[in-house]
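Visitor: Have a look; sequence and predicted model below, questions after that.
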Amino acid sequence: MMDLLHWDGTLSAKDFRIGAVAFAQKWESLNFAFPPWVWVPCPKHPWLASPELLQEEGYLSMEKICISRLNEEDIDQTTQIDTDEEEASCSGNKDVIDDATLVQRNHHELHYYDFHIVYSNTFRVPVLYLRAYCSDGQPLQLDEIEKELPTCSSKELSKSKWTFITQEEHPHLKRPWYKLHPCGTGEWMKLLFLNDTAQPKFEVVLELYLLSWFSVVGQVVGLRIPFKMLNDR
């Protein structure tokens, strides 16, 4: 059994698998606002790997998360729609409201996001990979993704764009994806659990690791964990 005082806040690949399964199960049972995380087995050398390693190597995937946003033209139209609705509510003209609502819905621009939680062999911690694309499959660039991040994330990104979010080759898919840089993850994860007054055993830490990690990292991309997931320990 590992002593938390001597733990450096990182995980082995096997520990990551344990934590990933626990996180995915809790997410599916308590977070109904998003689709489930799915474990994708992805051994690097399947013809050489043992049965145990075949199960351990892989990553969590949650894909095709739809985000709708308005472009500048739509914002102007929405402003006009709001004005029309106010006038219609005063005049009793319901047709204006119906037409305005239809126009607003038809001008939404849909963006889709794929999220992967991947184990980093270098840093020995989970890393959030993401990519974004339009409904026609056209990928979004970092400056476009930045516009859809929460305000606090956008400000931080503008200060250190290439250390906060970087573009690198996905370790399993071998294609360019964006990732949240994992530098310092082990240190703040260790502090997080050392400050826990409950002083959980290391087996419990493994089950809570990804949940605690994602409660911080997920907010960067607008994915908040429900309080009931954090309280259900």
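Guide: Thanks, I have it. Numbering: from 1, shown residues only.
Visitor: State the number of residues packed around residue 13.
Guide: Residue 13: 14 surrounding residues under other C-beta atoms under 10 Å. Where C-beta positions appear, they are placed from N, C-alpha and C, glycine not excepted.
Visitor: Please apply the same query to the one 5 residues further on.
Guide: By other C-beta under 10 Å, 17 other residues sit near residue 18.
Visitor: Outline the domain layout of this structure.
Guide: Structural domains annotated on the chain: 4-69+111-231, 71-107, as defined by automatic domain parsing.
Visitor: name the element residue 111 belongs to?
Guide: Residue 111 belongs to strand 109-120 when assigned by DSSP states H and E.
Visitor: That strand - contacts with which helices or strands?
Guide: helix 13-30, strand 58-69, strand 125-134 (3 or more C-beta pairs under 8 Å, 6 or more residues apart in numbering; DSSP states H and E).
Visitor: that older thread, mean neighbour count, the domains of the chain: which tops it?
Guide: domain 4-69+111-231 (a mean of 15; mean count of other C-beta atoms under 10 Å).
Visitor: returning to what we had before: now the angle from the strand holding residue 111 to helix 13-30?
Guide: Interaxial angle of strand 109-120 relative to helix 13-30 (axes from the mean of the first three to the mean of the last three C-alpha atoms, to 10 degrees): 140 degrees.
Visitor: Pull up the pairing partners for strand 109-120, direction included.
Guide: strand 58-69 (antiparallel), strand 125-134 (antiparallel) (DSSP bridges).
Visitor: Out of the ones you listed, which is closest to residue 148?
Guide: Nearest of those to residue 148, taken as C-beta to C-beta: strand 58-69 at 6.1 Å.
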